[in-house]
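J.: Below are the sequence and a predicted model; questions follow.
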Amino acid sequence: MKMAKETIYRYSLRTASNCWLGEVILTDSKEFFAMTDWGNFNYCWSIQEDIRKFILHLDEDYFSRKMFQSVSYQCSTKKMEDCCKRFASKVLPALKEAIKKELVNTEE
């Protein structure tokens, strides 16, 4: 079996007051993995563009629906859907900021 090489992007997200938000991993295979206080979520998109640039254009509603879709086979309840919305409102803005900073530093 031959292993393929892949680039992994890992983000340790924190609030403005330096409290831990979570760990997010993005891959070249368009995979998203998150370990947070609001739950552990994952999703895989079938897109052509760089996943980091794709994430920058997402709104919280779309993002929370995808996170809910990834866990709804286990628990499809209003409570879980609300958890996904809270997750999206906390994690997505911080992730976008981290990606923007990384892209600015790598494109200079």
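T.: Thanks, I have it.

J.: Please make it C-alpha for all contacts and neighbour counts, starting now.
T.: OK.

J.: which residue packs closest to R52, ignoring adjacent ones?
T.: I99 (6.3 Å; Cα to Cα, 6 or more residues apart in numbering).

J.: Now for that neighbour, how many residues are close by?
T.: As a burial measure, I99 scores 18 neighbours (other Cα atoms under 10 Å).

J.: Report the buried residues of the helix or strand it falls within.
T.: Counting by DSSP states H and E, the element that carries I99 is helix 78-107. Neighbour-count burial for helix 78-107 flags 80-81, 83-85, 87-92, 94-96, 98-99 (criterion: 16 or more other Cα atoms under 10 Å).

J.: mean confidence for it?
T.: Averaging pLDDT along helix 78-107 gives 85.

J.: try stretch 56-73
T.: When pLDDT is averaged along stretch 56-73, the result is 87.

J.: List the buried residues of stretch 33-48.
T.: F33, A34, T36, W38, N40, F41, N42, Y43.

J.: coming back round to it: does the residue nearest to R52 really touch D50, like I thought?
T.: No. Using Cα atoms under 8 Å, I99 is not in contact with D50, being 11.3 Å away.

J.: returning to that earlier point: show me what the helix holding I99 is packed against.
T.: Applying 3 or more Cα pairs under 8 Å, 6 or more residues apart in numbering; DSSP states H and E, one finds that helix 78-107 contacts strand 8-14, strand 20-27, helix 51-56, helix 60-71.

J.: centroid residue for the chain?
T.: Using Cα atoms, centre = their mean, the residue of the chain that lies closest to the mean C-alpha position is F32, 5.2 Å off.

J.: List phi and psi for that residue.
T.: Main-chain torsions, F32, degrees, to the nearest 10: phi -120, psi 130.

J.: just the buried residues of stretch 33-48: which has the poorest pLDDT?
T.: For the buried residues of stretch 33-48, the weakest pLDDT value sits at W38, with 80.
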